[in-house]
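*Asks:* Quick check, what structure comes out for this input:
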Amino acid sequence: MSERLASEKVIVSAPFSFAGSAQRIWNVTSTDNTLLKWLLLVPVALTMIMFAWMFVSFWYVIMYVIFGIFFIPFRLWRRGARKNKRNELRHREMLEVASDSKTVK
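*Replies:* Numbering: from 1, shown residues only. Here you go, the predicted structure:
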């Protein structure tokens with residue numbers, strides 16, 4: 001299996017969203033040992049995702065019912081920060097590739 005770049009490992013979805021929590025927990029299953037992955041890590045990850053989604057459901061009820069519209073700007077601000085982190089990593093990777101190609105010649 002080829003090693004993923006650092007920018008590919010960044011998860012832009014919010015940690016307290018269904019997609020973001022599942023993506024972060026699913027990273028536990030990234031191993032080359034298929035027996036370990038399917039017999040131990042996948043069932044553990046699925047159980048953790050189930051509990052995380054129950055927590056996220058409760059979180060959404062609290063945040064959006066009680067705080068409502070005031071919570072939306074915070075979510076947008078944090079998502080922008082995660083996207084900036086991913087873009088900075090991509091830029092750094094491109095610079096490394098460019099500098100490596102110049103030194104090879």
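
*Asks:* contacting residues for Arg92?
*Replies:* Counting by Cβ atoms under 8 Å, 6 or more residues apart in numbering, Arg92 makes contact with Ala6. Where you see a C-beta, it was placed from the backbone N, CA and C, and this is true even at glycine.

*Asks:* Trp26 and Ile49 touch, don't they?
*Replies:* Yes. The pair Trp26 / Ile49 is scored as a contact, 7.4 Å apart, by Cβ atoms under 8 Å.

*Asks:* For these two, work out which one has more neighbours and name it.
*Replies:* Ile49 (19 against 16; other Cβ atoms under 10 Å).

*Asks:* how close does that one sit to Val56?
*Replies:* 10 Å (Cβ to Cβ, to the nearest Å).

*Asks:* Which neighbours do the two have in common?
*Replies:* Ser21.

*Asks:* can you pull the pLDDT of Ser7?
*Replies:* Reading off the confidence values, Ser7 has pLDDT 78.

*Asks:* Contacts only, for it.
*Replies:* 86-87, 89-90, 93.

*Asks:* okay, those residues in CSV with secondary structure and neighbour count next?
*Replies:* As requested, the contacts of Ser7 are exported to CSV (DSSP: H, G, I helix; E, B strand; the rest coil; neighbours: other Cβ atoms under 10 Å):
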residue, secondary structure, neighbour count
Arg86, helix, 16
Asn87, helix, 12
Leu89, helix, 16
Arg90, helix, 15
Glu93, helix, 14
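
*Asks:* CSV for those, including distance to Arg75 and pLDDT?
*Replies:* Shown next, in CSV, are the contacts of Ser7 (distance: Cβ to Cβ, whole Å; pLDDT from 0 to 100):
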residue, distance to Arg75, pLDDT
Arg86, 17, 89
Asn87, 19, 91
Leu89, 22, 91
Arg90, 23, 90
Glu93, 28, 89
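
*Asks:* mind putting these in a markdown table, distance to Tyr60 included?
*Replies:* As requested, these are exported to a markdown table (distance: Cβ to Cβ, whole Å):
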| residue | distance to Tyr60 |
| --- | --- |
| Arg86 | 24 |
| Asn87 | 28 |
| Leu89 | 29 |
| Arg90 | 31 |
| Glu93 | 35 |
